[in-house]
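*Asks:* next comes the sequence, and after it the predicted model I'd like to discuss.
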Amino acid sequence: MLKEMMENVRNTRPLVHNITNYVTVNDCANILLACGGSPIMADDAGEVEEITTVCGGLNINIGTLNKRTIEAMLLAGKKANALGHPVVLDPVGAGASKLRTETAYALIKDVKFAAIRGNMSEIKTLANGSGTTKGVDADVADSVNEDNLNEAVAFAASVAKKLGTVIAITGAIDIVTDGTKTYCIRNGHSMMSSVTGTGCQLSAMTAAYVTANPTHPLEAAAAAVCVMGLAGEIAYKRLGDQDGNSSYRNYIIDAVYRMSPEQLEKGAKYEVR
Amino acid sequence: MLKEMMENVRNTRPLVHNITNYVTVNDCANILLACGGSPIMADDAGEVEEITTVCGGLNINIGTLNKRTIEAMLLAGKKANALGHPVVLDPVGAGASKLRTETAYALIKDVKFAAIRGNMSEIKTLANGSGTTKGVDADVADSVNEDNLNEAVAFAASVAKKLGTVIAITGAIDIVTDGTKTYCIRNGHSMMSSVTGTGCQLSAMTAAYVTANPTHPLEAAAAAVCVMGLAGEIAYKRLGDQDGNSSYRNYIIDAVYRMSPEQLEKGAKYEVR
Amino acid sequence: MLKEMMENVRNTRPLVHNITNYVTVNDCANILLACGGSPIMADDAGEVEEITTVCGGLNINIGTLNKRTIEAMLLAGKKANALGHPVVLDPVGAGASKLRTETAYALIKDVKFAAIRGNMSEIKTLANGSGTTKGVDADVADSVNEDNLNEAVAFAASVAKKLGTVIAITGAIDIVTDGTKTYCIRNGHSMMSSVTGTGCQLSAMTAAYVTANPTHPLEAAAAAVCVMGLAGEIAYKRLGDQDGNSSYRNYIIDAVYRMSPEQLEKGAKYEVR
């Protein structure tokens, strides 16, 4: 199944409109190209509706939001909805400031998302304002492990049902759910957190996957999460004794570029609940 | 001739003012350094005239334009003109939205450009609004190949004459023309399109080349196009079996950094028409 | 002493709020992660006070300032001061435009900085408006060498005393002083100037160091300068015969990631005056 998801991205080359932060935007563009998609970035309210119209999907990331781009996010999101284009949300830092939390709420209220990807603190904030987001990383108290996995899955599923979207909570164990069916994914490597924007990159790639697989948003999002995690593993094995997080960043994107559907099927470590 | 163009960049170290998009801006800065130039980025209307005054040339790229930066582009462009500094335009995505198309028209109307570099769809839009730009890549219908090369050269030359500038249309075959003399360049590698911003990087480098070679804008632009294409070839040969588009990105800039004038003369594949 | 500075960063993992330019922001984020810190970028006036509150320190870099972000810089700086969080200033291009010079003055007037890092031209501008900044690099006339080092140290110390901050002037020889005690540091490699943003990266890392070592801002800033210079040396030795400035960029960040406290103690080349 994951294999088909990847093949559909490679074969249809989805054009993804990104309204995203200026920190990790270049990596988002390159990982979209690596996975087989095509990126366009545009954030002015005067053009986002037109730009999103020529694209297949939309990725909204609030990482360095400002008043000007928030307006553009809402306009683009509504337009994409009207056109039936899938929209992905990355609520970076929701919970860390009122502006982020309120923008995330406004987006959820006015835009229908195909998938929302964040860490546990961000998704908790979306759900009920109870997340303890510290900066842009998940709070330690919010980490998912084998002991609290059942509880985390139930929580994620409840959010997915409530918001009518696929929820992807990434961390040591990733949870991807549509509220009924849940993928628990154990790919990835802890060193990925030492590269800025691996989460942003995953969200951009998720947008390509849900765009290329419009009838299977859950499987598409799960496939994107597996690709990213597996790329992190492959890249980690490639590290030489002088390589650090900057080379690791390159190797992760390289691994996405080189990954075959067969490699994905074989390397993906997930269980379905 | 190409050799002298490169030597003039290396010897005069042109300072280039860039008003460019936030997606590929870091690569633009590093390729300017790689080729022997020096970058400065500044986009606030309150300072762009002063900044462009201390520079030798100006590079305007509309990749992530917004109302604030459009004003800055026009102010900087006019000031550079008044000072006799060469200005390069990269009309990223012209044709994909009214804002981009109209901004490109406003720039062409109010600013005299030494060179304009884009893909065929963007240049068609500039010429007559008939381009079929899809996102930021050229439409397949607009690709230049051996069969339609004569026609493409004639088109490029007509745009160059009409706008009184050097036109560089890059793709599988690159066309660089001032309306009278045309370089058809067959360097480069198709994998370059899997790295975001190779076009933006080339435009930034073109600004350094025309700044360092003020009396030869055509040859300067052609040299920059050859450098970029040759760097793409050298970098491709360097790829190991785990390298993908992210390492390729680094290797292209590395190749520009290491390229000697002799290597350029020997590796450049062009014909003059 | 340098060793302890580094260990405190690694052990406390300081969260640093960055209001910085969009050219080098990704490298700033990755070098913060490499050194053991954690980055968050936020520049909207509507959230910077809240964001800086959840962080340990603040890094203000005026590299691509605009009216919107200048307001945010002042708000965040004052809030950080009120909370007792260390603040670092990188006055990129001060002297190159009135907007930059006046913004730097406004910041110095309204915000108390733990450290200010710039090149000699920028620091001269801060001190008395007499710098001859050209673009974002130090003017040649402002370079520090063995012949004018005594004079440069005296100047730096006078600025540090006047502004009540640690001053770090980086170049061929780096000077870090609190006005009373001065570190003259001879690490680094000239090729570092062919990578965009090594200065910005150092400023971001300095913010992590002063945040993790609140009672020793001078030693913390000196340690950060030594780390960056030593990383430049280690990365230079690693260069293969096809590597250029782009790979060098990656290797520098990698070297920061891999550097041990012992390696720093052994490799740091400094004298105290």
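*Replies:* Arrived safely, thanks for sending.

*Asks:* which of the residues in stretch A:49-68 are buried?
*Replies:* A:49-66 (16 or more other CB atoms under 10 Å in any protein chain shown). (C-beta placed from N, C-alpha, C; glycine too.)

*Asks:* first-to-last residue distance for that stretch?
*Replies:* Taking CA to CA, to the nearest Å, the first and last residues of stretch A:49-68 lie 14 Å apart.

*Asks:* give me the subset of the buried residues of stretch A:49-68 lying in helices.
*Replies:* Taking DSSP state H as the definition of helices, the buried residues of stretch A:49-68 contribute A:49, A:50, A:51, A:52, A:53, A:54.

*Asks:* quick check: the gap between the fifth one and residue A:82.
*Replies:* When you say that, I think you mean residue A:53. With the distance defined as CB to CB, to the nearest Å, residue A:53 ends up 9 Å from residue A:82.

*Asks:* by contact count, what packs against the lengthiest helix in chain A?
*Replies:* In chain A, with assignment by DSSP H, the single longest helix is helix A:217-238. Secondary-structure packing of helix A:217-238 (3 or more CB pairs under 8 Å, 6 or more residues apart in numbering or on different chains; DSSP states H and E): helix A:2-12, strand A:115-118, strand A:166-169, strand A:174-177, strand A:182-185, helix A:198-212, helix A:245-258, helix A:261-267.

*Asks:* just the CA atoms of the second one, as CSV, please.
*Replies:* Meaning strand A:115-118. Taking C-alpha atoms only, strand A:115-118 is exported to CSV below (Å, rounded to 0.1, in the frame of the first residue of the first chain):
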residue,chain,number,x,y,z
ALA,A,115,-4.1,16.2,7.3
ILE,A,116,-2.5,18.0,10.3
ARG,A,117,1.0,17.1,11.3
GLY,A,118,2.7,18.3,14.5
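
*Asks:* that strand near chain C at all?
*Replies:* No. Strand A:115-118 is not in contact with chain C by CB under 8 Å from any CB of the partner chain; minimum separation 14.9 Å.

*Asks:* just checking, what packs against that strand?
*Replies:* Helices and strands touching strand A:115-118, by 3+ CB pairs under 8 Å, 6+ apart, are strand A:87-90, helix A:120-128, strand A:166-169, helix A:198-212, helix A:217-238.

*Asks:* weakest of those in terms of mean pLDDT?
*Replies:* Among the helices and strands packed on strand A:115-118, helix A:120-128 carries the lowest mean pLDDT, a mean of 93.

*Asks:* quick one, what contacts residue A:70?
*Replies:* Residues in contact with residue A:70 (CB atoms under 8 Å, 6 or more residues apart in numbering or on different chains) are A:62, A:103, A:106.

*Asks:* and the buried residues of stretch A:49-68 near chain C, which?
*Replies:* When contact is defined as CB under 8 Å from any CB, the buried residues of stretch A:49-68 meet chain C at A:63, A:64, A:65, A:66.

*Asks:* distance of the third one relative to residue C:80?
*Replies:* Taking CB to CB as the measure, residue A:65 falls 21 Å from residue C:80.

*Asks:* what of the first one?
*Replies:* Here the distance between residue A:63 and residue C:80 works out to 21 Å (CB to CB).

*Asks:* enumerate the residues of chain A near chain C.
*Replies:* Going by CB under 8 Å from any CB, the residues of chain A near chain C are A:21-24, A:26-27, A:63-67, A:93, A:96-100, A:134-137, A:194-197, A:242-247, A:249-250.

*Asks:* okay, the helices and strands packed on strand A:115-118 in TSV with mean neighbour count next?
*Replies:* Below are the helices and strands packed on strand A:115-118 laid out as TSV (neighbours: other CB atoms under 10 Å in any protein chain shown):
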stretch	mean neighbour count
strand A:87-90	30
helix A:120-128	24
strand A:166-169	29
helix A:198-212	30
helix A:217-238	25
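
*Asks:* show me the strands in the stretch 1-150 of chain A, by range?
*Replies:* In the stretch 1-150 of chain A, strands defined by DSSP state E, counting those that start in this stretch lie at A:15-19, A:38-41, A:57-61, A:87-90, A:115-118, listed in chain order.

*Asks:* can I get these in TSV with distance to residue A:175?
*Replies:* Shown next, in TSV, are the strands of the stretch 1-150 of chain A (distance: least, CB to CB, whole Å):
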stretch	distance to residue A:175
strand A:15-19	23
strand A:38-41	27
strand A:57-61	20
strand A:87-90	16
strand A:115-118	11
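
*Asks:* quick one: which of the ones you listed is nearest residue B:163?
*Replies:* With CB to CB as the measure, strand A:38-41 is the member of the strands of the stretch 1-150 of chain A nearest residue B:163 (25.5 Å).
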